Structure formats: structure tokens, C-alpha cells
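[1] Give the three-dimensional model of this entry:
(4 chains)
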4 protein chains.
Amino acid sequence: MTSTKPIAVVIGVGPGLGAALAKRFAVGGYSVGLIARKESSLQPVQKELEQLGHTALSVTADAGNVSSLQNAFNTIRTKLGNDPEVLLYNASGFAYKSILDLKPEELQNSLNISVVGALVASQEVLPSMVKNGKGTILFTGATASLRGSAKFAGFAAAKFALRALAQSMARELGPQGIHVAHIIIDGEINTPSQVQRQPDRNIEAFLNSDAIAETYWQLHTQPRSTWTQELDLRPSVEKF
Amino acid sequence: MTSTKPIAVVIGVGPGLGAALAKRFAVGGYSVGLIARKESSLQPVQKELEQLGHTALSVTADAGNVSSLQNAFNTIRTKLGNDPEVLLYNASGFAYKSILDLKPEELQNSLNISVVGALVASQEVLPSMVKNGKGTILFTGATASLRGSAKFAGFAAAKFALRALAQSMARELGPQGIHVAHIIIDGEINTPSQVQRQPDRNIEAFLNSDAIAETYWQLHTQPRSTWTQELDLRPSVEKF
Amino acid sequence: MTSTKPIAVVIGVGPGLGAALAKRFAVGGYSVGLIARKESSLQPVQKELEQLGHTALSVTADAGNVSSLQNAFNTIRTKLGNDPEVLLYNASGFAYKSILDLKPEELQNSLNISVVGALVASQEVLPSMVKNGKGTILFTGATASLRGSAKFAGFAAAKFALRALAQSMARELGPQGIHVAHIIIDGEINTPSQVQRQPDRNIEAFLNSDAIAETYWQLHTQPRSTWTQELDLRPSVEKF
Amino acid sequence: MTSTKPIAVVIGVGPGLGAALAKRFAVGGYSVGLIARKESSLQPVQKELEQLGHTALSVTADAGNVSSLQNAFNTIRTKLGNDPEVLLYNASGFAYKSILDLKPEELQNSLNISVVGALVASQEVLPSMVKNGKGTILFTGATASLRGSAKFAGFAAAKFALRALAQSMARELGPQGIHVAHIIIDGEINTPSQVQRQPDRNIEAFLNSDAIAETYWQLHTQPRSTWTQELDLRPSVEKF
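    From the prediction side, this is the model:
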């Protein structure tokens, strides 16, 4: 299944944003590598992409586990036959807990998934990007990227850290032609489960995953003279 | 020359970003109202738009003068025959001076152009936007929107203030369907004069005004479920 | 009444923070110049300071009027016989209005009081500070210094602008030995009127004006190797 | 050596800020628990404190190791006979490396020392603080708390994360009477080794560790009506 198209890798694939990102970049002409922890998260996305005639390769991996993630990239490179030109890092842990209840392992796990995994994935795609003098790496942030709310310590610490990583990478790699950006998702996405849980909520009060994916695509296609490093996205009715 | 197309107004039109914004929204199907202080800034843009078959109306006004700006909007509404659906506020004063040399009037002037004018212009377009439950207002920011550097007090004060206005308007008007966003331009734009002055500088080290305008257009066309309130734009090689 | 003590000037004196600042710096060994718009705001503070044996000079002036403020400084310099070594700028306008109801003159007025007045006052004290290679200028900010909330456009624009001025001055003047800092007051101060209006509210849920003044004093006495440019202050129970 | 005085614990003790913090809180009436990785970092501080007549207890521990840090607190509680009322968290890892050279383990290590250790230490002192409705926890930040510079990914990620933890704790614990603040140290501290390395640099161009410690003390003694959550500290001549 060696790909003649360029390759985009999406990490953190589920029925919401991950699926929409995969579809958008497939439509844009990319073969997509899909990484998620569970086979059941990947299957429906893989299937939909194939039915639309796109090339997709699903690999299960734990984004919080260094070698697991490295192996997934090895598989993608080998099977798709090339180095990724786009990395969309969309994985994150979550823990809503009082500071007294948050276990150190939970914090470590959140940091591993959100930021260590982001470093590992970046290091997998960067050597060829640096060699080619181009590439795109987009990181998914959240409200908690800018604000440490009560009981969000585990999530906010990881999301703040990811934002630091994104900035540091942008400053180092931008001059080398690699576009690193950070997207702050401020609100709930219209994943099927979220929408079902709140049947009375206006659908426009959820972020639309396809619209988010369109923004990622727009970031990817910005010319290098005019790059965005950070933007936010939220529904018009969201309080912020 | 009553316009059957929707109307976009660009304030702060010159050979750089203002011209590019006017063109992008004209291409997107808008009749454009052009406002600048000098006739000589407007003429070439007006001419180019007409040669491309677009509808444009140029009006001179001082963005830092309340009634001057209000009159310009009256002219645009009367002549184009409708209320603007898009406002692109791109005017700003500038003063690079030591804090001891910055005259109070210069600071006031900078504030009047950047932020009071932005309020006045917004108030001209908002009543119909609120009535229709839709509209787009985009404000042009700068590096100095986020950082008060030495000798930039006059400019930074005005740009900080504009950012506050943009946030406050977004929070009030977003739920009413009006998209208010703030774009931070961090670097020099490829205006003819800037490029000529630095003949040895790589053209990609300047922000491309057409690419900036494309970003404004993308912001304008975001669905209301998925709006950006703020983003930055800079060349890949820019230090930040 | 020529002062043998160094002089501190407080602008924006009322029964709350202004009075507390005046008292704290008087206790610290300063003669204080008091500036407020109304005689009635100054009288009780002047009287209290004199009863405590301190030297105080009250001058009415409109902080939003350039020559009025300049005249007040002339009076202070002439009557107290020396140049101020400390400037505490505590004046601000306020308007809570929908963006459609905020009059351009109200925005200008808010900007004039909060930021143009701050520039004018700084320019009155800076020449001698620069000559002496020392001095302290402290600006009072607010929640709205960091966030433009709905209906706070007029206040937030002015407070954002003041923060920009403070940063720009700090960067220019710090290396010349002048300490410029910005204090973000996030919550309600225990002014008599505020406390009376909310009789059931725990007194610790208000910021204590004497404690705020103590913080200003601490900032003033920091050695130049170890200066704070910005800090926030809020009650322990305040949501933020 | 059971202490009749209240107890403050300093984590990250060396010849610079840690030593100064220990001394300042000892002078303020506290018995101090000192934690550092190396015995050689603790010895001189312990000795100096004892010579000044203060009570100090040194315990070696690795702040990046959960059980090691927990054990250190057990030792302190047992030997000093009481629960700490003050926690000063001053430990951090450091790595200056290109994003391609930063090993995932180095990033994890930095996160463990800066933020997981901060959580663990907080959880050791919080139960009694919550019970008593008072306590102070101060975290040491850095320039990299606010900015992810090129080649600072490992340090900035950890410092951003610590800032998130501090904010989240402040929001949860403030209303319970526990003061959590974050101090941004922006510049080099006058540790003996730093000063020796730059013999021609003006001593005032280094942050003074005793002055920093004084600021921590001032934060600790703020009344709960008027708390600072964050402030910065830098030399007057520092570029920022």
C-alpha cells in the first residue's frame, strides 16, 4: 500500500476531531496515518476513509508510551513507504480532580500523553522535515492551555506544557521552514456522544469538528511568509 | 451605483494590507467602501478594483475624527444603498518616541485613530448587524498589541486598547451572531515602499499582504459554531 | 511649607485606595501631594494626614485634562519646594455600557483619565528622576487590564492602554534606575461606600486598602536588582 | 529536636535562592526543613542556619521521585514534630537542547522535578493546611514560565506546567484560606558560581537572592483579603 501521495499523521483519533482531521487532509490529497489507543476508535474512521477512496493506515499505540508511539511511526513509514509531511497531534489525557485527589501517576500520565508524546511524535517526523526544509506540525490545545482552573490541575499542567513545546518548536523550526502552530479549542466539540448527551442544546453551541479541521487545513496551507502560531476556536455563544 | 452585492468597508487603505483586503473581499463578492485619510491612498486601489470589474467607493476621512468618520459611513450607505455586512478596521497612528518626547496630543491622536475610530466605525455598522443577527468585524493588531516595548508607548497603548475593545465586543456581540476578531500582524508587510527600502531582504521575510487578506477572508467565512477571536501572523523567519 | 522630606504624589485620591496610599507613604517618610478632581475628596485625607503630623498638600485637578494636571504639579513643586521622587497614579474613568451605547466622548474621557493623564503625570516627574537616576512610578490597574469583558469596553480599553504604557516605560526607564510597576487590583476595595452597600459581605471578601498600600510600599522599597514589574492583588475568596 | 515554632519547608536548596529563603523564614520565626538532592548542597545552609541560632533539618531527596520526596516529608514531620505551614517549592530541572536532541526521558525528568514534585510536596502539606484553614505555598517560576524560547522546550514545558498547577491550586485552595502564589524569576541570581563566572558584570545586574527571599516573605505575610497570585522579579537593567 505504498503511498504516492504525501503523508499526514493524526494522533488521537476518535469519532470527533481526529476523524474530521483525517478526512480533511485525505480530501486535501494526503494519505493518512491514524494513531489511537484503541482499535475500536480507529476502525470506523479507517472504513469511512476507504469508502471515500482515500488511503488510510490505522495503527494502535499509546501516545503516553515512548516506544509504543515510536513503533507506530515505524509502521506508518514502512507501510506507506515515506516520511510524513504533516503531523496533527490531537491526543490528551484528562482528569477532573481536586488537587488532593489527583494522583502523581495521573499527572504524569496526563503529561506523558499531552506533551511527552507530542515531543516523541515530533521527533519522528522532524528529521525528514528539516532535511526537506518544510513540514507542518499542529498541536491541539484547549481552554486549559491558558488557564489553570480549580480541579483542572492535571489537564491544565499538560496543556500549558504542550503550548510551551509548541512555542519553543515554532521559534526553533520556523526559520527552517517548518510550520508549528497551536490551536486552542475553547468549548465542546460536536462528537456524537456529546451531542446525544445534551439533546436540547443548539447544535451551533458545539464546535463543529469539520470546521475545526478546515482551520487546521488553512493553517497548513498558509505560505511561509504569513504563518499563524496560535489561534483560538469557540462557538459564537460560548462564554469566555 | 447602488450595490446589489453585500458591502464590506475597509478603513485604513493604502498600497499594502488595505488594498489587499479590499481586493480579497471584492473577489469574494462584496462591494467595497474604502476609507483613508488621503485621496492619493485611495485612487490607485479604487482604480485597480474597477479595472477588475469590482464595485468600489472611495471616501476620504480621518479615522481619528468622530464626525469625519461618521460622514464617510453616511456617504457609503447612501451611495452604495445598503448597510455594510463586513467592517475591516485597519487604521492606526504611529509614534516611535522616548516617553519624555511623546506629546500628550500624539498619544491622544494615536488612541483616537486606533481605538476611538474603531468604536465609531463599529457603531456605524452594528445596528443593522444586530438586527440581522450576523456580520463580521475584524481589527488589525500588531506586535505592540501584546507587548509595550521601549519607545513604543504611543503605539502600544493604542494597540492594547484596540485589543480590549475587540475582546469586549466579541464577548457582547458573539452571542448575537456578530463575529469580532483581532489579527496580530507581527512583522513587516510587503508594501512596495518597505520592499524597496530593503532590497536585499528575502521577500519571504515580509508578510504577504494577499496572504494576510486571505486569512481575514477565512475568518469571515468561519461558521458561527467555530469562530476564532484572535490569531497572529508572522513570517517563518521572524524572531518573536 | 517647603518640605525637607522627599515627595510622593498620589493622583486619584478618595476615601479608599488613594487615602491609604497617601498615609502609607507619609508614614514612610514622604511629604505627599494629593491630586483629585473634587475638593471634597481631598479634604478628609488632608485633614487626617495633618492630624497624624504628616505634611500633605492637596490640589484639585482633572487627570483627564493635560494643562489642569500640569498645573497641579507646578503647584506641588512650588509649594513643597522639590521634585517628586514617587508617583502613584490611581486615577481612572469608568463606564459600564453596551458597545452601542458607549459614546465616543466617553471612551476618549476614559482614555484621557487612565492613560493620557498617566503620561502627563509621568512627564512631570521624570526629568528629575532621570537626572537623579532613581524614582518610583506605580500604576493602578484592574481586572479589566487583562480582559475585555462584555460592556466593559470603555474601561478595559483604557486599562489595557495603561498597562502598555507601564510596560513601555519600565523597559525604557528601568535601566535608568526608575522603577515602573503595574498593580492589578482584581476585586472590590473596602471603601466605606462599598462596604456599606453590602452589609452582609464578609469584610475579608473586600481588598483591604491599607494592605494594598503596603504592597505599593514594598514595591517602592525593592532594591533595583530585584524589581517587580507587575503583580495582582485579590481577596482569597475572589473568583478569577 | 521537636520544633515549637511553625515549620517551613524549602525544596531545592543550594547556595542561591534556596539558602536565602531558608534564612528569611528562619529569621521570620520558622523552623525550616531543607530538601535537596545532594548532601553537599544542604550542609553549608544547615550549618549557617544553626550558627545563627535557627532550627533547621536537612533531608536529601530527589524532587523528581515521588516516594523519595514523600519520605523526606515524613522525616521532617517526625523529627520536627509538626506539619509544615509553609511550602516553598524551588526545584527544577534544566535542559538547553535542540528539539531534536531533547530526549523524552529528559523532558519527563524536567516535568517530574518541576511539576510532579510540586504536586507531591503540596499533597504532603495540604491536609493540615486545609484542616487549619491557612497555609502558604509559593512556587518559583522563571522567564520560561511565560515564553517557550528556541531550545528551551524541556525547561519551558515544565515551567508552564508548574504555572498551571499554581493557578489551579490557587483557585481551588484560596477560598479555603491557603495562599498559593507563583513568582517569576526573570534573570540570573547572584549565586556565588554565577557571579564568579562573570566578574565584570555589575552585581546589580544579578537578582539578589536575599531580596527575592524578602518578596517571598512579603507574599507569605499578605492578609487574606489582599493576596498576590503572581508577580515577576528582575534586575532593573534586564531586557524583557
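[2] where does chain A have its least confident helix or strand?
    When each helix and strand of chain A is scored by mean pLDDT, DSSP states H and E, helix A:192-197 comes last, with a mean of 94.
[3] With just CA atoms, put that one into PDB.
    Output in PDB follows, covering the C-alpha atoms of helix A:192-197 (Å, rounded to 0.1, in the frame of the first residue of the first chain):
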ATOM      1  CA  PRO A 192     -21.800  12.100  18.600                       C
ATOM      2  CA  SER A 193     -21.600  11.300  22.300                       C
ATOM      3  CA  GLN A 194     -21.500  14.900  23.400                       C
ATOM      4  CA  VAL A 195     -24.500  15.800  21.200                       C
ATOM      5  CA  GLN A 196     -26.500  12.900  22.400                       C
ATOM      6  CA  ARG A 197     -25.900  13.700  26.000                       C
END
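[4] does chain B sit close to it?
    No. Shown here: helix A:192-197 not in contact with chain B (C-beta under 8 Å from any C-beta of the partner chain), separated by at least 11.7 Å. Bear in mind the C-beta positions are built from the backbone N, C-alpha and C, glycine included.
[5] Tell me the helix or strand right after that helix.
    Later in the chain than helix A:192-197, the nearest helix or strand by DSSP states H and E is helix A:209-221.
[6] what packs against that following helix?
    In terms of contacts (3 or more C-beta pairs under 8 Å, 6 or more residues apart in numbering or on different chains; DSSP states H and E), helix A:209-221 is packed against helix A:17-27, strand A:135-142, strand A:178-185, strand A:230-233, helix B:209-221.
[7] between the ones you listed, which one is nearest to A:Val45?
    Across the helices and strands packed on helix A:209-221, A:Val45 has its closest neighbour in helix A:17-27 (4.6 Å, C-beta to C-beta).
[8] on that earlier part again, next, format the helices and strands packed on helix A:209-221 as CSV and append mean pLDDT.
    Rendered in CSV, the data for those read as follows (pLDDT from 0 to 100):
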stretch, mean pLDDT
helix A:17-27, 98
strand A:135-142, 98
strand A:178-185, 98
strand A:230-233, 98
helix B:209-221, 98
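[9] Turn those into TSV, columns for mean neighbour count.
    As requested, those are exported to TSV (neighbours: other C-beta atoms under 10 Å in any protein chain shown):
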stretch	mean neighbour count
helix A:17-27	24
strand A:135-142	25
strand A:178-185	24
strand A:230-233	22
helix B:209-221	21
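[10] out of those, nearest to C:Ile11?
    Shortest distance between C:Ile11 and these, using C-beta to C-beta, is found for strand A:230-233: 36.8 Å.
[11] what's the angle from the top helix by length along chain A to helix D:153-173?
    Ranked by residue count under DSSP state H, the longest helix found in chain A is helix A:153-173. If you take axes from the mean of the first three to the mean of the last three C-alpha atoms, to 10 degrees, helix A:153-173 sits at 150 degrees to helix D:153-173.
[12] Packing partners of helix A:153-173?
    Counting by 3+ C-beta pairs under 8 Å, 6+ apart, helix A:153-173 packs on helix A:104-111, helix A:117-132, strand A:135-142, strand A:178-185, helix D:153-173.
[13] tell me the mean pLDDT over the first one?
    What it means is helix A:104-111. Mean per-residue pLDDT for helix A:104-111: 98.
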